[in-house]
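>>> would you be able to build a 3D model of this:
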Amino acid sequence: KAKSFDEMNNVAAHMLTDLTSSMRFEGSLNVDLNEVTMNLVPFPRLKFLLSSVSPISHAFARGKDGSSFSVDAMFAEAFHRDTQLMSVEPRSSTYLACALLARGDIPISDMQRNVNKIKKSVRMAHWNPDGFKIGQCSTPPAHQTRSLLCLANSCCIAQTFSAFHHRFHKLFRRGAMVHHYDQYMGASGKDAKEELGAAAENLRTLIEEYRRLDVLEPPSGAAQRMIPAV
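Have a look, this model is predicted:
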């Protein structure tokens with residue numbers, strides 16, 4: 001069990017070091033974290049991102065034959081459900097935007113080729129069909145020659161929020177655990193049940209917004225609005 005938790009911590013650390021690599025290493029194709037926010041958050045409330053890393057661990061950085069993990073294999077893995085750091089199936093829902101942050105020896109032409117291939121296999125929002133942001137840091141992670149971090153704003157996250165909402169209401173309608181919040185909220189003049197109920201309603205409307213965008217079709221007879229990545 002201890003080893004399993006160590007591996008989980010390593011995956012989280014791997015994701016964070018890839019995310020912040022542009023702040024720690026110089027490079028002409030680095031992507032600033034502000035650019036990630038600008039490109040991946042189309043609406044203020046829809047700011048929750050999925051993340052995946054490939055290879056998931058340096059232990060899997062090489063193929064069965066001992067060769068380095070190929071660029072094509074990394075891109076394919078980054079969009080597979082098994083490498084998501086949340087239990088979701090991203091290809092089953094609409095992508096609002098996506099960022100791909102690479103490290104190491106990855107030619108930009110290979111990245112662009114894989115992005116064009118991915119566009120054909122995922123469902124992007126009709127008003128943002130080119131919503132992919134690419135960044136590259138030439139310094140590879142420790143013990144690896146290359147890696148890829150995928151950050152995606154996908155409507156599939158509504159599945160996770162819906163599960164949270166369901167589990168919350170199973171407890172809340174019985175008043176379970178509310179007294180813990182009463183102890184602190186009551187001291188500041190707030191009603192715990194009222195505040196928790198408002199939070200649950202806020203989450204419900206957020207789920208509805210993701211679901212609405214997930215099934216939104218382009219206007220009939222109207223030209224699609226093209227919003228390129230900045």
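>>> where does K190 sit: helix, strand or coil?
State at K190, reduced to three classes by DSSP: H, G, I helix; E, B strand; the rest coil: coil.
>>> flag the shaky bits of the protein, pLDDT-wise.
The chain contains residues with pLDDT under 70 at 1-5, 57-68, 186-189, 221-230.
>>> mind checking the longest strand of it?
strand 94-104 (DSSP state E).
>>> let me see the ranges of the strands in the chain.
Under DSSP E, the chain gives strands at 50-54, 94-104, 123-124, 132-137, 146-154.
>>> ok, which of those strands comes nearest N202?
strand 146-154 (18.6 Å; CB to CB). Backbone N, C-alpha and C define where each C-beta goes, glycine included.
>>> between that closest one and strand 50-54, how many degrees?
Orientation of strand 146-154 against strand 50-54 (axes from the mean of the first three to the mean of the last three CA atoms, to 10 degrees) gives an angle of 160 degrees.
>>> packing partners of strand 146-154?
Packed against strand 146-154 by the contact rule (3 or more CB pairs under 8 Å, 6 or more residues apart in numbering; DSSP states H and E) you find helix 2-19, helix 33-40, strand 50-54, helix 71-78, strand 94-104.
>>> dump the ones you listed to TSV, plus distance to D214 and mean neighbour count.
Formatted as TSV, those follow (distance: least, CB to CB, whole Å; neighbours: other CB atoms under 10 Å):
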stretch	distance to D214	mean neighbour count
helix 2-19	25	13
helix 33-40	17	15
strand 50-54	14	22
helix 71-78	21	19
strand 94-104	5	24
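>>> what's the closest of the ones you listed to S87?
strand 50-54 (10.6 Å).
>>> other residues contacting the closest one?
11, 14-15, 18, 69, 73-75, 77-80, 83-86, 88, 90, 147-154, 156-157 (CB atoms under 8 Å, 6 or more residues apart in numbering).
>>> with stretch 198-217 instead?
Contacts for stretch 198-217 (CB under 8 Å, 6+ apart): 43, 45-46, 93-94, 96, 125-126, 155-158, 161-162, 164-165, 168-169, 172.
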